[in-house]
Structures are given as C-alpha cells and as structure tokens.
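K.L.:
pasted the sequence and its predicted model underneath.
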Amino acid sequence: MSGPAPEVKSVWRLIVLALGFFFLYMPIIVLIVYSFNDSQLVTVWSKFSLRWYKELFVGVQQQSEAIRSGVLLSLTIGFFSASFAVVLGTISAFVLTRFDSFRTKTLFSFLTTAPMVLPDVIIGLALMLLFVALENMTGGLYDWLNGMKVEEGTLWSGIHSALTYCASKIAGWPEKGAFTIWLAMVTLTSAYVSVVVRTRLQEMDNSIEEAAMDLGATPLKTFFVITIPSLFPAILSGWLLAFTISMDDVVITQFVSGPGAKTLPIVVFSSVRRGVSPTINALASIIVLVVSVCTFIVWYTMHRKDKKRQREYGMMSVRQKAEREKSDTPKA
Amino acid sequence: MKLKTSRLRRLHFRGSSCVIGAPYLWTILFFFIPFLIIFKISFADVSDTSQPPYSDLTSYEDNHVNIALNVGNYLDLFRCEDEEDCNVWKIDYDFLNFESVGLNIRDSLKGFFDAISTEFHVTIYIEAFWNSVKIAAVSTLICLLIGYPMAWSIAHSSQAMRSVLLMLVILPSWTSFLIRVYAWIGLLKPNGTINNVLMWFGIIHEPLNMMHTSFAVYIGVVYAYLPFMIMPLYTAISRVDNSLIEAAEDLGAKPFTILTKILLPLTSGGMIAGSMLVFIPAVGEYIIPELLGGPYNILIGQQLWIDFSNNHDWPKAAAIAVAMLLFLLVPIIWYFKQQKNEGVSK
Amino acid sequence: MLEHKDGQQKKEVKPPLLVIKNLSKSYIPGVLAVDDVNLTVNKGEIFALLGSSGCGKSTLLRMLAGFEKPTSGKIILDGQDLSNVPPYKRPVNMMFQSYALFPHMTVWNNIAFGLKQKHMPKDEIKENVEQMLALVHMEEFADRKPHQLSGGQRQRVALARSLATHPKLLLLDEPMGALDKKLRTKMQLELVDIIEKVGVTCIMVTHDQQEAMTMAERVAIMDCGEFLQVGDPEEIYENPNCRFTAEFIGSVNIFDGVLGENGSDFMYVECPALQNKIYIDAGAAIADGMKLSVAIRPEKITLSKEKPQQECNFEEGIVDNIAYMGDVSIYLIKLQSGQIVRTTLPNVDRFRKNQPTWDDKVFISWEPDSCIVLTI
C-alpha cells in the first residue's frame, strides 16, 4: 500500500504557510504599491499617481528611453535564444536518455547540465574570453592573408584575393553585442531545457516509441510523430524557462555584451545601482503583472486539462460501467 | 539486397551521429573550450600594450619555443607582499578564559600562542572568498530551516491547494531576479519601509542601519534562492510513501522520532539537492552584494569583476575563476551524484 | 521418458513459419539472458512462453520484435533471416503489456498508424481500419482518445492496431497483465477467438500458467534463459519432464525415493517418507537403486476414512489443515513421517457431510497410473 501525503489539519501548518508566503510576497507588494506613489522619493508616500507609468511609456528621460529600447532588444534575444535552446536541449535530452551509452556519455551529461549550477561570473568570464579569442583568430587570419606577398596574375593570386575578401568579412567576428549575448544565452538556457525535457523523457513510457517502430515507423519518423508530441508540454515549459532566464540575465550579459547592446536587465542594473527610482518600480510592477498573468494562464490550462482528464475518467467509470460490461463481452 | 541494407544502415548511423553531434559540438565549443581558455589565461601575464590585455604563453624565438607559465596569479591570491594590501585577522583567545571557574587556560598556554603568531595576514582574495563561503553556507542553512517546514506544509495541503501553493512559490522566481533584489532596497533603506513601520509602532526610535551590510546580503540571498530550496524538498517530501509514516506511528514512534528517523533520512536527497542549488550559485553571487552589500565586505564574485573590469587584470580574474571552480567542484559533483541516484531509484 | 505417447498426433500438421536457431542473448558478458534456444512455431499456431519473471521470456520476445539484438543465433521467419532487420521493417507486430497506445491520437488514428507507415492509399486505410474496429467490436469508440477507454477496450484497440498491418507474426507481451482478474478470463477467450478468426501466428509471453493453458496450443516452460519443456498444455501438466515444470504448473506432491524392483511394465519405488511402496504400472529404462522422485497431483489422490483394499499406493495420516475453496476443499494431510500431502476433495454436498475434519485419522490412496516419475 502506498499513499500520497494526506492533508494535515493543523494551525501550525497554516502559520508556517502564512509566514513563508508573507516573506516571499511582501517585498513585491511593497514595490508595486510604491510604483503608484507620486513622490520622487520612492519610500515616502505622498499621493496616488500614475505618473511613473506615463514616464515609462512616453517619457523623454534618458532612462525611460534606454528601458524601452532595452525591452525590445531583450525580447528579441530572449525569443531567439529560447527557440534555439529548445532545439539543442531537446536533442541533447533525447541523446542522453534514449541512446545506448556511448563512451563520453557521462562527460556529456555533466557538461550539458553544468551551466545550470555554475556561478554566473565564471560562465560569463569563460564565454567572454572565448569570444575575444575567436575575435583575435579571425582578425589574425585576415592580417596574415593581407600581409602575404603574392605574385600578380597567377591563379593563386585570384584565390588569395578571394580568401582575403572572405577573411575581411569575418575579421573581428564575433563582435561583442547582441549576437554574443545570444550565443551565451543559448549555452546557458539549453542546459535548463535539457533537464526539463529529460525529466519528461524518463517518465515517458518507452514502449510507445517501440510500438511506433514495431508498426513500421523509422526512428526519425518516430521521433517526430510520437516523441515530440508527447514531449510538447515539457518543450513548451522549457521554452518559457529559457525565455525568462535570458530575459533576466545580468552577469553573463555584462561580460559578453559590447557597448551598443544594452539589454533591459543591464539598463535596470546600472540605474538601480545608483539607488531606487520610481520608474524602475513601475517597470517592475508591469513585469510582475505580465509574468503573473502568463504563469497563471499556463498553470490554469494545465490544471484544467488535468482535471478534465480526471473527470472524464471518473465519469467514464460510472457511465460506462454498464456499457463496458456489455462491450467487453464478445458479441458472438 | 544485402548491400542496400548495409548502406542504409550506414546512412542511418551517420544521421544519428549528426543528431548527437549538434548539442555535443555546441557544448564543447561554448562550454568546454572556454574553460580551457580560462585555465590558459590564468597563467598569463598582464600586459598593457597588447589587446586583449594579457601576454601569450608561448613565444617563438631563435628556433626555440618558450613557454612562460606565470603562477604568480595564483600566488597573489594567497601571498601578501606589502602590508598595505593585506587585511589582518586576529584570533581572539578570550573564549579560552575561564577565570570565573578558577581556570585560566589562556595564561597557561600563553607561551604557546605567542610562539605562533596571533595575527594572520590575508589577501583581499582570501578574505573575499571567506566572506562568500560564509554567506553562502549560512544562507543555505537558513533556506533549509525556512524551506523545509514550508515544503512540508505544502505537501500536506489539500490536493487542490497543493498546485496553487506550488505555483505561488515558483511565481516570484519567474519574475526578474534583479527586481526581487531591488525590492529589498526600498525595504531596507534607512528611510525604507521596514524602518518606517518599526518607528511608527514605536519599537525603535532611530532608523536601523540595515542597507549595505552583511545582514542585507543574507536577506537578499535567502529571499532570492528560497524557491530553489523549496522545490526539490517538496518533491522529496511528497514522494515519501505515507504508509511508512503510518507504519512508524503504528510501531509507537513519536512525531519527533518520525521526523528524525523517517522523514529526514528519506528526504535527504531533496535536502542535498536544494542545498547545492542554493550554495553553489550563492558562492559566486554578484548582483546581491553589489546592490545590497556594503563597500567593505566584498565577495569573490565582485572581486572577479573588479579585477576584470576595473583593473583590467584578466589573468588574475581567470585565476580567481579557476580557484573558485576547483572549490566548487566538490559540491557540484556531489549534486550530480545525487541527481543520478534519484534517477536510478526512480 | 514414460510410455504415455499414444494419441499425440491428433492435430493436423501445419507448415513451420518461424524457426529460431541457437539463439542467445547476453547483456552482461558471461551472463546469458537467453541461452541457446531452438524453436519452431507452425503457421497459425498460438504459442506461449511461460516462466517466472526474469527467466528471459521477455528478452526472447523483444528479440523477435527487433528491439534487442541477438548475441548469437538466427531468427528465420517464413524463410527470411530477421536477425539484422530493424523493428520497423519486420513483418512482426507486438501488443505491448502497457498497450502503448499513442496518447495523443484517437483510436482510429492509432489503428491507422501502421497502415500509414506502409503508405497505403487513404480509402484502403479507411476500409482496413473499419474492418479492424468491427473485428474487435469497437466501432463506436473510433473517435475516443486512449485515456477515455476502459482497460478491456484499450486492450482491444491495441490488438486491432497490431493486427491492422496483417503481420506474419503477432507477439503478445503479458496480454492480460494490465487487466483485473475478473476481466482476464473473459478477454482470454475473446482474444483467442479474434486471433483464430484472423488466423495469425501468435507468440505470447506470460507468467500466468492458467492464461497460457487456456490460450495457447503449445507452451514452452522457460527458466534461466533455457527451454525446459515444450508441449501442449495437457502434455505439460500430465507429463512434466522435470521437477521444475511439475512444480511450476499446478500444485504437486513430490516424494523422493529410490527405485526398488523394476520390470518391463511396472516398478516399485521406496520412499523414506512413506510407509508403503509406490507401485507404478509403467517401466523405465533406469538402473535399480537410482535416486528419483515421484510426483502426484493433489486431485489424483483419494481421501477416505477407511483403509483402502490395496497393498501399495496408500498412506495413513491425520488431517492437518483444511482450506475451503468453494468448489473444492484442499486437505493437508500429515503423514507419520511428518511430510505434508496436499489433496483436494470436491464439495459435492452442500454442508460437507461426512467429510473428514481436523485431526481425523484418514487414508490417502492413488492409482498406479497417476504417478509421474522424475529423474531431474
């Protein structure tokens, strides 16, 4: 006999929950309340006002403009890195759970999940040094080709000038900016996707994939027709996770971004360092609202689907009992 | 016929290795190689003239390949050359003073203590590292003490409430980390909400100085990482078979015995996983001390950034990263082992 | 072994379809999960692999389906060597223990899945699926998803799905494993009905001897990766060739003894646990004084309060325990040597009048031809 944890009716349980959630939510609530404060001094209440929201959306302060362009950049980077991370993470999860063990499997599984636990400063520094090294390499290649002495008019000179042209195009690649942030975010977030998808894959009944192959579907087809649809909820939550993480990252972005690419978190961080600002409060409130609504929608649809499934099954067991009795008996 | 199938098989094999290859290649290029580069640069010299600002390890001169490994970056972490650079730690022997019971160990051992210096000269790096580990460890413990009762309480709510409460625990961590830390600035400031409320109630008459202290950093770390503690704990607690608890009750165990002999051992996996998820990133934490901490108790993550960005000493920053990585290797491997065991037992 | 071979060739001989030659599989070097198995299954036959968990029966089935690669040996189906054919190219379909219905597809699409992989024209698929739905009486459930079906219904969909592509060989992995006990008996007969109607050759794996004996025409008893005995259910029950089979199928009383007198058509066995000799009316080509065991099924032992009028094949004991099973009562009789003998007594009378009760002195006896002589 195994049983799930039963409900315990105790005052202590309620007190613990109340205190815990008070701790978790009090700062956020205070933050939201003060975003409606008219005063420039964030913590001194004067009167209700929406001026900071107005400032955020249409204001001409340098800070609000930086925030608005930062939001756009962050959304773009977040979307593309989440989308690519989902592909990479799903494949790596599939390889790690469904392929027979290959020699470097343990190392591979370690490497794909390590970005999740390592401190951001280390990852940031590592990636930054990589990008600088790549930049040097591409630059060096161009210099080397350019500095070469070639006889005019030969076949080799034609090849050489074509190569030099190509090298001049990639010289200095990857320039630090949105692209390097994207690379870094894919590396970081594909680890999270991989873990989320792997958990689902391990729970999934292996035999439905075998059944598909048994019925004549090739492994590749099985992956797309059977595995991917069954993984869809996990892939979706992996995407959302990857998106929020890359929308939120400060430390790694600070290392790998160039002067031009100011993502939202970088803008917020540099302004918050100078102290509290009511515009940031307004921005934070909007973020909290958007995230809450999205989380609630996702949670609610999942919850309802669960319930619907349970109800259907429960109803079936009552309604179909007679029907089942009838239909389970062969009709001769 | 036979030839055809074998060619197909080979194609299939190539296809599958391409599939394995994509994430593999990515991981090696953007995760493994960067660490080799860090390792390499940590042995380089700072150079003001070149761009990027570090020297090459190898140089080619007179038909000789010279390899110059500079271990100075690592030595600098431990060694203080001039007194000004170093902080002084004093060991206070007063705790050995039991004069009230007629025993004075301090005096009787005085000669011994005088022989070994009572002052340690430590570099800013050691100090920053010590601060980081201390803050991470204490915060992990506090998270565990808050998180365990909460996880237990959620796991023992009614079925319908459970998913609501879980969602509420995760929700803050889906909003911005930065904003959650920022929220505490408004609370902890001298004229912030907490001080205002306490003064309004008349509990204190002067504002407490909480902002820019270690206390603020502790609060920030605990607050930011608490959900990461609660989630694995919840999973572990809800996975405990309730009939085991009933069996223990049936055999006459009291609630405290059940907690220490049944529940805690069975949920140790969740406790380790949660603790590692808090401890490891907290050691390298940068945002929280930067926003809430003071200018004196610098943490190692900040020190790395200072060396990298302000001092342009990339080799030193790399050396710090390598040292940190080596230190964190033990808890990281522990965490992975734990995850693997969980997978097996499932 | 013993001469009870008459009347074996009553069934018509069908051509062989599947030939398994020296098939072995080992996961860990040195440990064989399937150990040098040879088997021929005829066309249209329902064949059962029976064994306890971990005996290698599932590994054998998965090798037939193509999910496991044999370490050595050959699988030949209808003249084609399957050893290196991937599962999706084999004319073999499997019904999984968990049924493995695709959760995101309707019943209709589940059944059509295999046909779509064969790139069959749409109208043919439709025709085929409808035919299959009719075969398993699931027409009105075509648009349901698997989670909206009951256990028995799911099983029938799984069966229809694996039959839809008209495989040469159908594999059933613990077909009744996911059903509750009452439904099992019903479905066993229905499944056999459908399989026979389609005429497909079928190999099933089960650990339930009753299931194997109801459904299969021939049964193989497996232990430690080897076949111990292959035969029809009656042969295996009445003529087990070793102790494991005798004990695995049904219950049995085993007396260890030594061969006493041995003639051409009779023998006496002396057992230390018995006071009287056992007389068996069949000869055996074994040396005198050899150690052997005699197995007697409980239902072949007669229980009486009076001493039977015979010289051998009876024993005296007291009733140690009675288990009332409804149709029969199981009596455990303690012999004077201390060995417990199990016998059954049909409950002909409603109030069990005149039946022996606890601690009664009783006699057990059996016919000479009820004894099975086992040497291993």
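P.N.:
Structure received.
K.L.:
got the phi and psi for residue C:291?
P.N.:
Torsion angles at residue C:291 (phi, psi; degrees, to the nearest 10) stand at phi -80, psi 130.
K.L.:
just residue C:364 next, same as before
P.N.:
With angles defined as degrees, to the nearest 10, residue C:364 sits at phi -110, psi 150.
K.L.:
for residue A:156, which non-adjacent residue is closest in space?
P.N.:
residue A:150 (6.4 Å; CB to CB, 6 or more residues apart in numbering or on different chains). C-beta: built from backbone N, CA, C; applies to glycine.
K.L.:
so that neighbour: helix, strand or coil?
P.N.:
Of the three states, residue A:150 takes coil according to DSSP: H, G, I helix; E, B strand; the rest coil.
K.L.:
and residue C:41, by the same measure?
P.N.:
Criterion first, three-state DSSP; result for residue C:41: strand.
K.L.:
separation between the spatially closest residue to it that is not a sequence neighbour and chain A?
P.N.:
With sequence-adjacent residues excluded and distances taken as CB to CB, 6+ apart, residue C:41 is closest to residue C:18, at 4.3 Å. Residue C:18 sits 16 Å away from chain A, taking CB to the nearest CB, to the nearest Å as the criterion.
K.L.:
element containing residue A:199, please.
P.N.:
Residue A:199 belongs to helix A:178-203 when assigned by DSSP states H and E.
K.L.:
hmm, back to that, can you count the residues close to the residue nearest to residue A:156?
P.N.:
Residue A:150 is flanked by 14 other residues according to other CB atoms under 10 Å in any protein chain shown.
K.L.:
pop out the phi and psi values for it.
P.N.:
Per-residue torsions, residue A:150: phi -130, psi 140 (degrees, to the nearest 10).
K.L.:
one step back: contacting residues for the residue nearest to residue C:41?
P.N.:
Shown in contact with residue C:18 (CB atoms under 8 Å, 6 or more residues apart in numbering or on different chains): C:39-41, C:64, C:75-78, C:169, C:201, C:203.
K.L.:
can you name the residue of chain C nearest to chain B?
P.N.:
For chain C, the residue closest to chain B is residue C:84, as judged by CB to the nearest CB, at 7.3 Å.
K.L.:
ok so, going back, can the helix holding residue A:199 be said to contact chain C?
P.N.:
No - figure legend: helix A:178-203 not in contact with chain C (CB under 8 Å from any CB of the partner chain); closest approach 12.5 Å.
K.L.:
might one say that residue B:209 is in contact with residue B:190?
P.N.:
Yes - between residue B:209 and residue B:190 there is a contact under CB atoms under 8 Å: 6.4 Å.
K.L.:
sorry, back to before: among the contacts of residue C:18, name the ones in strands.
P.N.:
Residues of the contacts of residue C:18 located in strands (DSSP state E): C:39-41, C:75-77, C:169, C:201, C:203.
K.L.:
run through who's touching stretch C:230-244.
P.N.:
Contacts for stretch C:230-244 (CB under 8 Å, 6+ apart): C:1-2, C:4, C:8, C:39, C:212-213, C:216-221, C:223, C:228-229, C:245-246, C:249-250, C:254, C:293, C:295, C:372, C:374, C:376.
K.L.:
give me the number of residues near residue C:76?
P.N.:
16.
K.L.:
which strand residues bridge it?
P.N.:
residue C:19, residue C:81 (DSSP bridges).
K.L.:
quick one: contacts for it?
P.N.:
C:18-21, C:82.
K.L.:
report the buried members of those.
P.N.:
Listed as buried from the contacts of residue C:76 are C:18-21, C:82; burial here means 16 or more other CB atoms under 10 Å in any protein chain shown.
K.L.:
now the helices for the chain?
P.N.:
Went with chain A since none was named. Here chain A has its helices, by DSSP state H, at A:11-35, A:51-58, A:62-98, A:105-117, A:120-146, A:155-170, A:178-203, A:206-214, A:219-222, A:228-248, A:251-256, A:264-272, A:278-328.
K.L.:
ah, I was thinking of chain C
P.N.:
For chain C, the helices defined by DSSP H cover C:57-65, C:107-117, C:122-135, C:151-164, C:181-198, C:209-215, C:233-238, C:243-248.
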